[in-house]
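Colleague: After the sequence you'll find the predicted model.
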Amino acid sequence: IGRSTARMHAAAAHRIIAVALLALVCAGSPSAQVFPVGRFSVAWDERALTITRVDTAARWQTLALPFLSAGVREFHVEEDEGMFLIHDRTLCASQEQTLEVVSADPNTLALSGTLTFGQTPACPLSAVNYTLTLGACSPALDSHLCLAAAIDARVTAGRVVSTNIVIASAPDELVRGFGVQYSAWDLKGRRVPILVSEQGVGRGLEPVTTAMNLLNHGGGTWATTYAAVPHYITGGNVSFSLENSEYSVFDLQQLDRIVVEAYTPILRARLALARSPLECVGAHTLYAGRMAPLPDWIMTGAIVGYQGGTAAVRDMHTLLQEHNVPVAGYWLQDWTGIRIDPRFGQRLWWNWELDEAYYYNWTGLLADLAADGARVMTYVNPYLADTVARDKPHYRRDLFREAAAQGFLVKNASGQPYILASASPDFTFGTIDATNAAARAWFSAVVRENMVGTGQYGWMADFGEYLPFDSVLDRGDAASVHNNFPTLWASINADATQDSPNSVYFMRSAFTTSPAQTRLFWLGDQLVTWDGYDGMQTALLGMLTGGLSGFAFSHSDIGGYTMLNRSGLHYVRSKPLLLRWMELSAGADAIFRSHLGNLPAASWQVFSDNATLACFARMAALHAALAPERARLMVEHVATGAPIVRALWLHYPADPTAVNVTDEYLLGPDVLGAPVFAEVDQARAVYLPPGCWVHLWTGEARPPGWSTINAPVGQPALFARCGTQALHDLQRALPALLAVPCA
């Protein structure tokens, strides 16, 4: 009783101090009113709202009135093979805002007012009422303050009401996050759309971007991403997140403000005020969810991407054993059989059952691989091929037909299954309606029976971005479900594996709360180039940015995936790129997984020659040597929310150099990697933050600051902090690593 009473008195004292401090902040505004709301204090000075918390110097503030506005927009979204064309025209926006306090208690502050529109002929509104509520999100999340702005307005079909809030921001304030951002670290000066989609091919790299846009709008932009999240953190230690899943835009083009535009009449947000960027990440993951540690087996060696049927896999296993490659598993995406696509090449049958003719004696194959310590992973997505009965030579179940008969597929306006295409007009499919509880249970049972039940230890849970905005769903409207569809898709996989803790599925598509439902992320389909548009550099930056929004365990396809070799475009994976990508993945990736790519015969592979096999063996062993460190960091993530791979900024926010480094990474606080991102480079400049750092390959202790580090192929620039367990683990592994020739 005494301790409980003491805590109550302490909490009350904190609130009194917070109010006093905020009063000092607002001393220049005699009319300022200060309200305690949970652990926060909210000040209203007749111009702006200011939110503070006693145990941090961070603050969140609106601009002066009108900081809240409403817009009426003509809004239409057109889907084209997972890319989305936004047709958006503002008809009118409110110009004036009034605000008054309605009620206040220790947990909630309610305000209301009117938004007045100008005299615009096309505007269907003249004035609307609104309410603005700030309150503790929940007793379990008292470190978050929830904000809800509700506008009392309705418009006709084809139009939407947007709710817009203007947040004050210092011109030099760092703003980072928004999910997996491949090409931008600092977002000030940009307009960031929050829309889950294909990432695009090229994303600004020419001439491939223009060519893909002419083909099917598939080029993408710097902002297109599989995992858009309406969340950012600032250099001032503020975490801000929308709870809405509707399309939204964060406009940071004016440097003194962040304009949040949510395409809905009800904006729901939450903010946390922290003491560091790393603490901001931890606060956000209390809402987004924290990922469960991966099982040990998946970090003991390479996950080898391969295909071709039983005999081909056995031959590859023999080859890798002969070259002493540590193999944790084989990723066999073609387990359902091969479907020839005249336009795209070799594809998979999206009918999720084992092709027993292609993979004959499946049970024997898995048993023999397991005897050598290798498990099998495969592939699935939420789509079902609609041509099984017509085109597949042999099958047991036509899953599309079963799902359609039970009403388990996304429908079009006519009430029929919505048929989409992927990369080719002939490659068509329907989509599981993940808003339908019975459909989710049915498909989860299919995955559990046909995948877990046949000895598979995991899979790529691909796609999740394609849901058209004009879909008809069992629950909800497509505009509000689209962004969150990846989370629903993840929940199907989570349900299928709930009794299989050693199973790991990995996903590229994601939204705000996906980390709570996902075992592992991967960074999607990079182009086989070195650049920061769509190449190798984007794999690292995507991992660093994704970590800010809770995507704590991630990895990339070693060597990239997307290749083009037609119509004058020649993008084919090279040996130098593959070797350097191996080095990136050995240090930064949660698992070490190779991929044949979409043009396997034209691409350099990990087994293309003996020298490449040797380097693959060394880098797989290096990755395995870091497994104990990753395991420790995964446990830390559960406790704190910190991603295992981190930008230097997260640990050194006061270091003016470290805050802007994006071509290096920290594996936890004690391992630093600096990949080589250019074919000709055999050395690179490395920035070492404060502390003592030991170079892995030479054992030399290096001082903080800039150094030029030799980094020949097979010896990536990798450092461990002096006196740490990570350094001990790496030094113990070093003789075995050096015994494997790689140059």
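Modeller: Cool, the structure landed.
Colleague: okay, CA-based contacts and neighbour counts for the rest of this
Modeller: Fine.
Colleague: Only alpha carbons, please: show the longest strand along the chain as PDB.
Modeller: Ranked by residue count, the top strand of the chain under DSSP state E comes out as strand 83-97. In PDB, the C-alpha atoms belonging to strand 83-97 read as follows (Å, rounded to 0.1, in the frame of the first residue of the first chain):
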ATOM      1  CA  MET A  83       0.900   0.000 -59.300                       C
ATOM      2  CA  PHE A  84      -1.700   2.700 -58.600                       C
ATOM      3  CA  LEU A  85      -2.400   5.800 -60.500                       C
ATOM      4  CA  ILE A  86      -3.800   8.500 -58.200                       C
ATOM      5  CA  HIS A  87      -6.300  10.900 -59.700                       C
ATOM      6  CA  ASP A  88      -6.700  13.600 -57.100                       C
ATOM      7  CA  ARG A  89      -8.100  17.100 -57.500                       C
ATOM      8  CA  THR A  90      -8.900  19.500 -54.600                       C
ATOM      9  CA  LEU A  91     -12.300  21.200 -55.200                       C
ATOM     10  CA  CYS A  92     -12.000  23.400 -52.100                       C
ATOM     11  CA  ALA A  93     -10.500  23.600 -48.700                       C
ATOM     12  CA  SER A  94     -11.500  25.400 -45.500                       C
ATOM     13  CA  GLN A  95      -9.800  28.700 -44.800                       C
ATOM     14  CA  GLU A  96     -10.800  29.600 -41.300                       C
ATOM     15  CA  GLN A  97     -10.900  27.700 -38.000                       C
END
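Colleague: helices or strands up against it?
Modeller: Packing partners of strand 83-97 (3 or more CA pairs under 8 Å, 6 or more residues apart in numbering; DSSP states H and E): strand 68-80, strand 108-117.
Colleague: Just put those strands in TSV and tack on distance to T545, mean pLDDT and mean neighbour count.
Modeller: Converted to TSV, the helices and strands packed on strand 83-97 look like this (distance: least, CA to CA, whole Å; pLDDT from 0 to 100; neighbours: other CA atoms under 10 Å):
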stretch	distance to T545	mean pLDDT	mean neighbour count
strand 68-80	26	95	20
strand 108-117	33	95	19
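Colleague: Point out the one among these that comes closest to W530.
Modeller: Nearest to W530 among these is strand 68-80; the distance by CA to CA comes to 27.3 Å.
Colleague: Following element in sequence after the longest strand of the chain, please.
Modeller: Next along the chain after strand 83-97, taking DSSP states H and E as the criterion, comes strand 100-105.
Colleague: which residues of the stretch 301-450 of the chain fall in strands?
Modeller: 302-306, 327-332, 338-341, 345-348, 375-380, 383-385, 420-421, 428-431 (DSSP state E, counting those that start in this stretch).
Colleague: which of those is buried the deepest?
Modeller: strand 327-332 (a mean of 26; mean count of other CA atoms under 10 Å).
Colleague: what's the model's confidence in that strand, averaged?
Modeller: Averaged across strand 327-332, pLDDT comes to 98.
Colleague: And it, how far out from the chain middle?
Modeller: Between the centre of strand 327-332 and the centre of its chain there are 24 Å (CA atoms, centre = their mean, to the nearest Å).
Colleague: partner strands of that strand, parallel or antiparallel?
Modeller: Partners of strand 327-332 in the sheet, by DSSP bridges, are strand 302-306 (parallel), strand 375-380 (parallel).
Colleague: between the ones you listed, which one is nearest to P690?
Modeller: Using CA to CA, the nearest of the strands paired with strand 327-332 to P690 is strand 302-306, at 33.2 Å.
Colleague: Next, format the helices and strands packed on strand 83-97 as CSV and append distance to G559.
Modeller: As requested, those are exported to CSV (distance: least, CA to CA, whole Å):
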stretch, distance to G559
strand 68-80, 27
strand 108-117, 52
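Colleague: Minimum distance to L548: which of those has it?
Modeller: In terms of CA to CA, the element of the helices and strands packed on strand 83-97 nearest to L548 is strand 68-80, at 27.0 Å.
Colleague: by contact count, what packs against that closest one?
Modeller: So strand 68-80, by 3+ CA pairs under 8 Å, 6+ apart, packs with strand 83-97, strand 159-168.
Colleague: Heading C-terminal from the shortest one, find the next helix or strand.
Modeller: Taking DSSP H and E as the definition, the helix or strand that follows strand 159-168 towards the C-terminus is strand 175-179.
Colleague: for the record, mean pLDDT for that following strand?
Modeller: Mean pLDDT, strand 175-179: 98.
Colleague: go on, stretch 478-490?
Modeller: For stretch 478-490, mean pLDDT is 98.
Colleague: mind exporting that stretch as CSV, just the C-alpha atoms?
Modeller: What follows is stretch 478-490, C-alpha atoms only, in CSV (Å, rounded to 0.1, in the frame of the first residue of the first chain):
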residue,chain,number,x,y,z
ALA,A,478,-11.5,-1.2,-50.3
ALA,A,479,-10.2,2.4,-49.9
SER,A,480,-9.8,1.8,-46.1
VAL,A,481,-8.7,-1.8,-46.4
HIS,A,482,-6.1,-1.5,-49.2
ASN,A,483,-3.2,-0.4,-47.1
ASN,A,484,-4.0,-2.8,-44.3
PHE,A,485,-4.5,-5.8,-46.6
PRO,A,486,-0.8,-6.9,-46.0
THR,A,487,-1.5,-7.1,-42.2
LEU,A,488,-4.6,-9.3,-42.9
TRP,A,489,-2.5,-11.5,-45.2
ALA,A,490,0.1,-11.8,-42.5
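Colleague: can you give me the offset of it from its chain's centre?
Modeller: On the basis of CA atoms, centre = their mean, stretch 478-490 sits 14 Å off its chain's mean C-alpha point.
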